[in-house]
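Asker: can you look at this prediction? I've put the sequence above it.
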Amino acid sequence: MSESVVAAAEHDYIGLSEFPIMETTTTTTMSDKTKTRDNNNDGLNFKATELRLGLPGSESPERVDTRFLSLNKSSCPVSGAKRVFSDAINESNKWVFSPGSTTATGDAGSGSGPGSSVVKDGKSTTFSKPAVPVKEKKSSATAPASKAQVVGWPPIRSFRKNSMASSQSQKPGNNSETEEAEAKSGPEQQPCLYVKVSMEGAPYLRKIDLKTYKSYLELSSALEKMFSCFTIGQFGSHGGCGRDGLNESRLTDLLRGSEYVVTYEDKDSDWMLVGDVPWEMFICSCKKLRIMKSSEAIGLAPRVMEKCRSRY
Amino acid sequence: MTQDRSEMSEDDDDKQSPPLDLRSAAIAEPSSSSSSSSVVVVVDSTPNKSRNCISSSSSGSLTSQPFPDHVLENVLENVLQFLDSRCDRNAASLVCKSWWRVEASTRSEVFIGNCYALSPARLTQRFKRVSSFVLKGKPRFADFNLMPPDWGANFAPWVSTMAKAYPWLEKVDLKRMFVTDDDLALLADSFPGFKELILVCCEGFGTSGIAIVANKCRKLKVLDLIESEVTDDEVDWISCFPEDVTCLESLAFDCVEAPINFKALEGLVARSPFLKKLRLNRFVSLVELHRLLLGAPQLTSLGTGSFSHDEEPQSEQEPDYAAAFSACKSVVCLSGFRELMPEYLPAIYPVCANLTSLNFSYANISPDMFKPIIQNCHKLQVFWALDSICDEGLQAVAETCKELRELRIFPFDPREDSEGPVSEVGLQAISEGCRKLESILYFCQRMTNAAVIAMSENCPELTVFRLCIMGRHRPDHVTGKPMDEGFGAIVKNCKKLTRLAVSGLLTDQAFRYMGEYGKLVRTLSVAFAGDSDMALRHVLEGCPRLQKLEIRDSPFGDAALRSGMHRYYNMRFVWMSACSLSRGCCKDIASAMPNLVVEVIGSDDDDENRDYVETLYMYRSLDGPRKDAPKFVAIL
């Protein structure tokens, strides 16, 4: 149940008409932020709807407070997100919470609503908007009965929140790393697709967003630019990549010629040569890129051919 | 107050000679003594009437100057070299065109408080010899998830422009900017003499970018990553520093959430004889810290990493941590303690007496553990901690730390309804014991007006007062009244106050006080406060120095927003989220003030609530609306 509640915390909510409509004349809540991408279909008056989010006991508060999860740069580890995703898909018809629950958000939108919004948002929920609770009447001197939490309040930076959470659990940040790794292999709908690119002999690797390229040509020219320093340095003709530009034609020779090949690790953790499959298929299955010397890559060829035959 | 009716001023010559854009000749603050924020190329006027003389006297063409002016400019250059403060330089640049030109050619440190206030091209056109560059991006409320990611504040256009214009650039200091690995790579490639990189609350890059900087910036003295999000690219960036002796003086990576190669770090520290500041991340254990300390007793500032063990200590003797600390005679600044094992805390006793800065804000320390430590810290000036030290701990601070200038108490459990171990008792004690206090940030669950009033009376040096009563709309818990009187006393009695953050139950009265007394306030943060538009009007009409205004969830509407139109060109930005603003009003303001960029940030395009403005972020800009706005930002 806690995973579902975490799920609730992560994804959008559809306003409930059962909830009391709040006056919006003088004060407004951030209930607008609870709109999902599917809201256009629902036509509820979101502005006036207040939602409450109950804290599920000792769940880390930042999960509740995080409105905007970004795919790779998230500093808010959501360890339950992967389960959430699959849970949501499996339970899309059951993903309805009872309104009065103090531990769950009242999200009684149509059964397919949350499910589809989860699928649509996937792991890349840039606007996962946890429900925003009611804004209390100012005259009330008591705290609200339900444990409602507001986005971004109290104003503590997520870094600090996460640090407290992780030091409490004494785990060395596995959560965030897992998230990143899983995020990278997430569904195709995600808006960006970061993969690491390493090169033999280079002291550090780079990351690129495969979605920004439309073809192998674009990808390889980008890679050439990125790793030019090393190849030029290696062959000693220039002193390293300076501002005077890259010798692209030479690089092309290097990369496309006999010296280096670009390989990638696919979903099955096999290393394949880049360029054999259609581009769309490639970006769906590519997890990592590596530029290696052709001599090293020779062993790949036969497997690639086999794989291609069996797969296609 | 009427002085603020001044419009954005422009140099008359702007119209006559487009290539040399003199619109940027105006400037910011009238002699503010505060070292924080003032925009360099801001369009504004000082209230000083002499500005009019400037505009009218600087007519005439920009072509050849008569001979005496050349001499004058040479002399000026030599003199202006000595001006460091940007406020002074801004003032000097307003004297006349000649001074403007000379100042522009001699300014080496540039500060830009809002990256969208001008374009990079304008910067490089005006200032030709920049060696140090400070740039701030997103507004502060973005830290609390009130703004979608990918909003902007990209460093890329800046670094690519500066790469061509300032090859001798030495220092880059960014706050809340989006910096990619590519940007870092370009930086490392473009500036051969690069010395200092400081990234505060930035994101968008990872350890691979850091590796590039480490590897290529051979003259690097400072690499400070502070509260930034650094993705773990599984790169051993520590090993990327060059093999020979480094120039490193400061290395701070406590925010890097990735394991590091300790052996490489040890080697790096060993070949960095100038290293004074070292802030480790939580992947460095106590044992490793010990080894580093033995090798680097010259450190002055130390971030201690996790301050714990991963596994059970060996059966052999444990290292003598206290001895290692006592060898560090120069340590005056201590932080870290990210996963503190309290039984090892006494190891720091030897350095306590020298400490001027202590940051326990990641350590859940109880009062009993805390008191023996703090009782030795007589010289402490800056102290950050969690509220786990309780009022009792604060009382101990008050008894010992008579030199305290800055105090920050963070909540261990940052929820509205958490227990709240600190209260007005701690605040009162601090106010009585630490009379030199200048800056305070205090999170609590309960507060009284009396304690806040006491602080206003006991601590006349306060310039920063930020009180966060975590329960929204909470009144004085003893009297049940709003917190108006407390905050009122602060603005009234603390004559040097420049920054204020309010909380708790507040009526319009509190804002009336702010408008009446807060004459030096430059930054104001408001959340869940006020009753009506009048509150905001009081502030906009009464606070002539107001530069940064951030408001959330408060009942301020169009009338209030309009009442501030005479101020907005004189401010760095205004943020209002979840208030009562309409799109129509924002559009009106945008039309009336062409040099104001009015951004309406929404999270979807639901047409039903088209008129309601969820988040308004507006700021002055010399170069018009930005071109990189994402689709959820509407620029009116």
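Answerer: Perfect, I can see it now.

Asker: from what I see, A:M292 and A:V261 are in contact.
Answerer: Yes: if you go by CB atoms under 8 Å, A:M292 and A:V261 touch, sitting 6.4 Å apart. Just so you know, the C-beta spots here come from the backbone N, C-alpha and C atoms, and that holds for glycine as well.

Asker: what about these two, which has more around it?
Answerer: A:V261 (22 against 17; other CB atoms under 10 Å in any protein chain shown).

Asker: give me the element the more buried one is part of.
Answerer: Using DSSP states H and E, A:V261 sits within strand A:260-265.

Asker: run through who's touching that strand.
Answerer: A:195, A:199-200, A:220, A:223, A:231, A:254-255, A:271-275, A:282, A:286-294, A:297, A:300 (CB atoms under 8 Å, 6 or more residues apart in numbering or on different chains).

Asker: if we go to 6 Å?
Answerer: If you take CB atoms under 6 Å, 6 or more residues apart in numbering or on different chains as the criterion, strand A:260-265 is touched by A:254, A:271-274, A:286-292, A:294, A:297.

Asker: from these, which has minimum pLDDT?
Answerer: Model confidence across the contacts of strand A:260-265 bottoms out at A:L254, which has 50.

Asker: thinking again about what came up before, and the contacts of strand A:260-265, which two are the farthest apart?
Answerer: A:L254 and A:K287 (24.6 Å; CB to CB).

Asker: who has more neighbours, these two?
Answerer: A:L254 (21 against 16).

Asker: show me where the stretch 201-312 of chain A has its strands.
Answerer: A:206-209, A:260-265, A:271-273, A:288-293 (DSSP state E, counting those that start in this stretch).

Asker: cool, and the stretch 1-150 of chain B?
Answerer: Assigned by DSSP E, counting those that start in this stretch, the strands in the stretch 1-150 of chain B fall at B:109-112, B:132-136.

Asker: excluding chain neighbours, what is closest to whichever residue of the stretch 101-250 of chain A sits closest to chain B?
Answerer: Taking CB to the nearest CB, chain B has its nearest neighbour within the stretch 101-250 of chain A at A:G152, 3.2 Å off. Leaving aside its chain neighbours, A:G152 sits nearest to B:F144 (3.2 Å; criterion: CB to CB, 6 or more residues apart in numbering or on different chains).

Asker: where does the stretch 1-150 of chain A dip in pLDDT?
Answerer: Where the stretch 1-150 of chain A drops to pLDDT under 70, the residues are A:1-149.

Asker: how about B:V102, what does it touch?
Answerer: Going by CB under 6 Å, 6+ apart, B:V102 touches B:73, B:76-77, B:80.

Asker: just the pLDDT at it, thanks.
Answerer: With respect to pLDDT, B:V102 has a value of 87.

Asker: so which of the strands of the stretch 201-312 of chain A is nearest B:A117?
Answerer: strand A:206-209 (29.0 Å).

Asker: tell me the buried residues in that closest one?
Answerer: A:206-208 (16 or more other CB atoms under 10 Å in any protein chain shown).

Asker: of these, list those near chain B.
Answerer: Among the buried residues of strand A:206-209, the residues lying close to chain B (CB under 6 Å from any CB of the partner chain) are A:R206.

Asker: output the buried residues of strand A:206-209 as JSON lines; include the columns pLDDT.
Answerer: JSON lines is the format used below for the buried residues of strand A:206-209 (pLDDT from 0 to 100):
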{"residue": "A:R206", "pLDDT": "73"}
{"residue": "A:K207", "pLDDT": "71"}
{"residue": "A:I208", "pLDDT": "78"}
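
Asker: does B:E599 have beta-bridge partners, and which?
Answerer: B:Y617, B:I635 (DSSP bridges).

Asker: now for it, how many residues are close by?
Answerer: The burial count for B:E599: 23, using other CB under 10 Å.

Asker: spit out the contact partners of B:V213.
Answerer: B:184, B:188.

Asker: gap between it and B:L197?
Answerer: 6 Å (CB to CB, to the nearest Å).

Asker: ditto for B:M514
Answerer: Distance of B:M514 to B:L197, given as CB to CB: 38 Å.

Asker: pull the longest helix from chain B.
Answerer: For chain B, the helix with the greatest residue count under DSSP state H is helix B:67-80.

Asker: in three-state terms, label whatever residue of the stretch 151-300 of chain B ends up closest to chain A for me.
Answerer: Distances between the stretch 151-300 of chain B and chain A by CB to the nearest CB are smallest at B:A211, namely 3.7 Å. The local conformation at B:A211, judged by DSSP: H, G, I helix; E, B strand; the rest coil, is helix.

Asker: for it, give me the pLDDT.
Answerer: pLDDT, B:A211: 96.

Asker: can you count the residues close to it?
Answerer: Neighbour number of B:A211 under other CB under 10 Å is 27.

Asker: my guess is it contacts B:C240. True?
Answerer: Yes: B:A211 is within contact range of B:C240, at 4.2 Å (criterion: CB atoms under 6 Å).

Asker: which one's more surrounded, B:M514 and B:L197?
Answerer: More crowded of B:M514 and B:L197, by other CB under 10 Å: B:M514, with 28 against 24.

Asker: quick one: secondary structure of B:R435?
Answerer: B:R435 ends up coil, using three-state DSSP.

Asker: taking the stretch 1-150 of chain B, what residue is nearest to chain A?
Answerer: B:F144 (3.2 Å).

Asker: number of residues surrounding the residue nearest to B:Q375 when sequence neighbours are not counted?
Answerer: Distances taken as CB to CB, 6+ apart place B:T400 nearest to B:Q375, at 5.4 Å, with adjacent residues excluded. Number of residues near B:T400 (other CB under 10 Å) recorded here: 21.

Asker: could I get the phi/psi values of B:T400?
Answerer: phi -100, psi -40 (degrees, to the nearest 10).

Asker: and for the residue of the stretch 101-250 of chain A closest to chain B, the neighbour number?
Answerer: 25.

Asker: flag every residue of the stretch 351-500 of chain B that's near chain A.
Answerer: Checking the stretch 351-500 of chain B against chain A by CB under 6 Å from any CB, the hits are B:362, B:414-415, B:417, B:468, B:470-471, B:473, B:475, B:480.

Asker: now list the buried members of those.
Answerer: For those, buried by 16+ other CB under 10 Å: B:362, B:414-415, B:417, B:468, B:470-471, B:473, B:475.

Asker: show me those that map onto helices.
Answerer: Short answer: those have none in helices (DSSP H).

Asker: tell me the one of those residues nearest B:R583?
Answerer: For those, the nearest to B:R583 is B:H473 (27.5 Å; CB to CB).

Asker: thought the closest one was touching B:G504?
Answerer: No: the criterion here is CB under 6 Å, and B:H473 misses it with B:G504 at 7.2 Å.

Asker: state the distance from B:A185 to B:F253.
Answerer: According to CB to CB, B:A185 stands 19 Å off from B:F253.

Asker: which one of these two is surrounded by more residues?
Answerer: Higher neighbour count among B:A185 and B:F253: B:F253, with 26 against 23, using other CB under 10 Å.

Asker: find the closest residue to chain A in the stretch 501-636 of chain B.
Answerer: B:P555 (4.1 Å).

Asker: ok, that residue - how many residues close by?
Answerer: B:P555, neighbours per other CB under 10 Å, totals 23.

Asker: now do the SS call for it.
Answerer: Per three-state DSSP, B:P555 ends up coil.

Asker: show me which residues of the longest helix of chain B are buried.
Answerer: Under the neighbour-count rule (16+ other CB under 10 Å), helix B:67-80 has B:73, B:76, B:80 buried.

Asker: over to stretch B:386-404?
Answerer: B:386-398, B:400-401, B:403-404.

Asker: follow-up on the earlier one: lowest-confidence member of the buried ones among the residues of the stretch 351-500 of chain B next to chain A, which is it?
Answerer: Minimum pLDDT across these is recorded for B:D417, with 79.
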